[in-house]
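Student: Sequence first, then the predicted structure, then my questions.
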Number of protein chains: 4
Amino acid sequence: LATAIAAHLATLRPLHTHVSNHILAKEFAYCKYSKFRVGAALLSAGGEIIKGANVENASYGGTICAERTAIVKAVSEGTRAFIGLAVVTDVSSPISPCGMCRQVLREFCTLDMPIYMVPGDYDERVAQGILDGGVQETSLRELLPYSFGPEDLELPRK
Amino acid sequence: LATAIAAHLATLRPLHTHVSNHILAKEFAYCKYSKFRVGAALLSAGGEIIKGANVENASYGGTICAERTAIVKAVSEGTRAFIGLAVVTDVSSPISPCGMCRQVLREFCTLDMPIYMVPGDYDERVAQGILDGGVQETSLRELLPYSFGPEDLELPRK
Amino acid sequence: LATAIAAHLATLRPLHTHVSNHILAKEFAYCKYSKFRVGAALLSAGGEIIKGANVENASYGGTICAERTAIVKAVSEGTRAFIGLAVVTDVSSPISPCGMCRQVLREFCTLDMPIYMVPGDYDERVAQGILDGGVQETSLRELLPYSFGPEDLELPRK
Amino acid sequence: LATAIAAHLATLRPLHTHVSNHILAKEFAYCKYSKFRVGAALLSAGGEIIKGANVENASYGGTICAERTAIVKAVSEGTRAFIGLAVVTDVSSPISPCGMCRQVLREFCTLDMPIYMVPGDYDERVAQGILDGGVQETSLRELLPYSFGPEDLELPRK
Ligand SMILES: [Zn+2]
Ligand SMILES: [Zn+2]
Ligand SMILES: [Zn+2]
Ligand SMILES: [Zn+2]
């Protein structure tokens, strides 16, 4: 498995580079309330990296996560096709996108697009010889089964 | 499977009654924009049925789905423990909660709480002798794997 | 002014009763993250009081405020006409609805419906002889000028 | 007034340029459901233009407006100080930010930062000799009075 993930990461070279650079935009997280920094990096079909960070609000419901930031950023610049996503936080276990972000990703990403959950201590792990740095791979197919998408709104109503 | 679901539905008698009554609050859906009515019924640990419907907004992001309506309704009345959820729409296939609702359910429901996706033509199916009316059972464990919850915010940051 | 507000509150007797009872549902606030309890009470055209409290989420963006809780609760039970709203928190200054709630209220309330911002120490103020308990009255006309509403979506596009 | 606005627009030259170029990113709006394209352009304190467009979702509540897209885009790249915002749609009257966007803007913008509501037919108006192209100027002070902001969360609870 580790080898498969490493291979995947190697394929997604630009994403990998970002991961290993530890940045993934989480440095710009505005997380005044949760103190929980999150960074996300989308890889577009055209090979571009689009980075996002969480942006919180005093009215908590106004908060927009890193993954959604990355998506709207890309879309608002004309990019709607993606081939990978990586998410990283400051905690040492891999953290996955919240349900809201899974829903927003669903609108633009294929169910099988790889989603990499990168542990906060990825670099240390790599330095210790852990080949994949503890990255876990998943997908929308796994994270959002029976998903509700654009085509559902077109179903005939009784 | 059908038998198991029917048995479950029988156990959750009050929920079942609502399902078979076709109401599940979707009659009160305010879906001016999507024309997609959704109703939800939570069953509390105390045996109460709490109904929700989708409430849309001209600024689409202000929309609150049926499942979230049901949850905040219950919580704002002091109910935080639930043993079942049913969701129904007007389309004939079972429709599952969107990612945003899965995330909000995650805060209060156990991963194994049964979630029933009820087809819009449940009644017709039952009338045709389909025992379970086409209801599909799932759970947050299945719908929101690797979920992000309250305990994650308490993890130590690097 | 104080007299005018007191008169208004007197007119809205059921709302007033709730305000003076200090409850306004904030007792059921689920505010694990912000520790900021908010309660809201809508008065329907039919004279019913519908109470809401804030319901937060580990993914902060999933949070639904007290005012929105009250609205979706009412709408999901078939009530769409309102004649007053009161909001109370635990802080001693009157706190107004956040922008998200103003937007959701906009869908169902008239611009001139009175919105009462009730200070957290309303009872003490009343006990001290402050007639209106420090309540401040406002409206959507004041809180959300140039508002975006249902009719805007029907404007012809160029 | 028209002169004042024109002067302002002239001061905010880069913003103006974008306005007169009619783009404001609305060309990249993803508004599959509302068919209501919105574009926004933030002007940062550093003189940068950050463009946003609305990005809708099949689960309507997952929609993120143009203004919020622009804000999270800027913040996720390290920009948190802004001196102007322009919003444009395809309808011929000036349209203002929805309540949710006002709330998110509140976190980063001063109450007096100019907000320009640009009519969809701005260019035609300018061509007809209307100096300000029908642009209306406002601010958060006007759009979000009694606003709820970061400092409110720090108030002592009773
Ligand atoms: Zn998220
Ligand atoms: Zn939903
Ligand atoms: Zn609010
Ligand atoms: Zn908006």
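Tutor: All right, it came through fine. Ligands and ions are numbered 1, 2, ... in the order given.

Student: For the residue of chain A found nearest ligand 4, give me the pLDDT.
Tutor: Using CB to the ion, residue A:62 is the residue of chain A that sits closest to ligand 4, at 10.4 Å. Using the backbone N, CA and C atoms, a C-beta is placed for each residue, glycine as well. Looking at residue A:62, its pLDDT stands at 98.

Student: so it sits right up against residue D:107, yeah?
Tutor: Yes - contact criterion CB atoms under 8 Å: residue A:62 and residue D:107 qualify, at 7.5 Å.

Student: Show me which of these two is the more surrounded one.
Tutor: Using other CB atoms under 10 Å in any protein chain shown as the criterion, residue A:62 and residue D:107 rank with residue A:62 on top: 27 against 20.

Student: and chain A, which of its residues are near chain D?
Tutor: A:25, A:27-30, A:32-33, A:51-53, A:55-59, A:62, A:64, A:66, A:68-73, A:75-78, A:80, A:100, A:103-104, A:106-107, A:148-150, A:152-153 (CB under 8 Å from any CB of the partner chain).

Student: Go through those and flag which are in strands.
Tutor: Cross-referencing the residues of chain A next to chain D against strands under DSSP state E gives A:51, A:52, A:53.

Student: Assumed residue A:87 was part of a strand.
Tutor: Yes - checked against DSSP: H, G, I helix; E, B strand; the rest coil, residue A:87 lies within a strand.

Student: Okay, now the unreliable bits of chain A?
Tutor: A:1-25 (pLDDT under 70).

Student: what about residue A:109, which helix or strand?
Tutor: Assigned by DSSP states H and E, residue A:109 falls within no helix or strand.

Student: Please name the nearest non-neighbouring residue to it.
Tutor: residue A:82 (5.3 Å; CB to CB, 6 or more residues apart in numbering or on different chains).

Student: which among the residues of chain A next to chain D end up buried?
Tutor: The neighbour-count test (16 or more other CB atoms under 10 Å in any protein chain shown) applied to the residues of chain A next to chain D identifies A:25, A:28-30, A:33, A:51-53, A:55-59, A:62, A:64, A:66, A:68-73, A:75-77, A:80, A:100, A:103-104, A:106-107, A:148-149, A:152-153 as buried.

Student: Narrow these to those in helices?
Tutor: Among those, DSSP state H puts A:66, A:68, A:69, A:70, A:71, A:72, A:73, A:75, A:100, A:103, A:104, A:106 in helices.

Student: Got phi/psi on the closest residue to residue A:43 other than its chain neighbours?
Tutor: Using CB to CB, 6+ apart and skipping the chain neighbours, the partner closest in space to residue A:43 is residue A:84 (4.1 Å). Main-chain dihedrals, residue A:84, degrees, to the nearest 10: phi -170, psi 160.

Student: Near residue A:84, how many residues? Count them for me, please.
Tutor: Neighbour number of residue A:84 under other CB under 10 Å is 23.

Student: for residue A:52, which residues make a bridge with it?
Tutor: Following DSSP bridges, residue A:52 is listed with bridge partners residue A:40.

Student: Go ahead and confirm it touches residue A:69.
Tutor: Yes - assessed by CB under 8 Å, residue A:52 is found in contact with residue A:69 at 3.4 Å.

Student: Give the intersection of the neighbour lists for the two.
Tutor: Residues touching both residue A:52 and residue A:69 (CB atoms under 8 Å, 6 or more residues apart in numbering or on different chains) are A:40, D:72, D:76.

Student: does residue A:83 sit in a helix, a strand or a coil?
Tutor: Residue A:83 ends up strand, using three-state DSSP.

Student: joint contacts of residue A:62 and residue D:107?
Tutor: Shared contacts of residue A:62 and residue D:107, defined by CB under 8 Å, 6+ apart, comprise residue A:56.

Student: Tell me what angle the one helix or strand residue A:42 maps to forms with strand A:82-89.
Tutor: Using DSSP H and E, residue A:42 sits in strand A:38-44. Orientation check (axes from the mean of the first three to the mean of the last three CA atoms, to 10 degrees): strand A:38-44 against strand A:82-89 gives 170 degrees.

Student: could you check the angle helix A:99-106 makes with strand A:38-44?
Tutor: Put simply, strand A:38-44 runs at 10 degrees to helix A:99-106, going by the same axes, to 10 degrees.

Student: residues in chain A within reach of ligand 1, list them.
Tutor: Contact residues, chain A versus ligand 1 (CB under 5 Å from the ion): A:65, A:98, A:100, A:101.

Student: if we can go back for a sec, now do the contacts for the residue of chain A closest to ligand 4.
Tutor: Neighbouring residues of residue A:62 by CB under 8 Å, 6+ apart: A:56, C:61, C:98, C:99, C:100, D:100, D:103, D:104, D:107.

Student: Cross-check the contact I'm expecting between residue A:67 and residue A:106.
Tutor: No - counting by CB under 8 Å, residue A:67 does not reach residue A:106; the two are 11.4 Å apart.

Student: Am I right that residue A:124 is in a helix?
Tutor: Yes - counting by three-state DSSP, residue A:124 is found in a helix.

Student: Count the residues that sit near it.
Tutor: The number of residues packed near residue A:124 is 14, by other CB under 10 Å.

Student: try the one 10 residues further on
Tutor: By the measure other CB under 10 Å, the count of residues near residue A:134 is 21.
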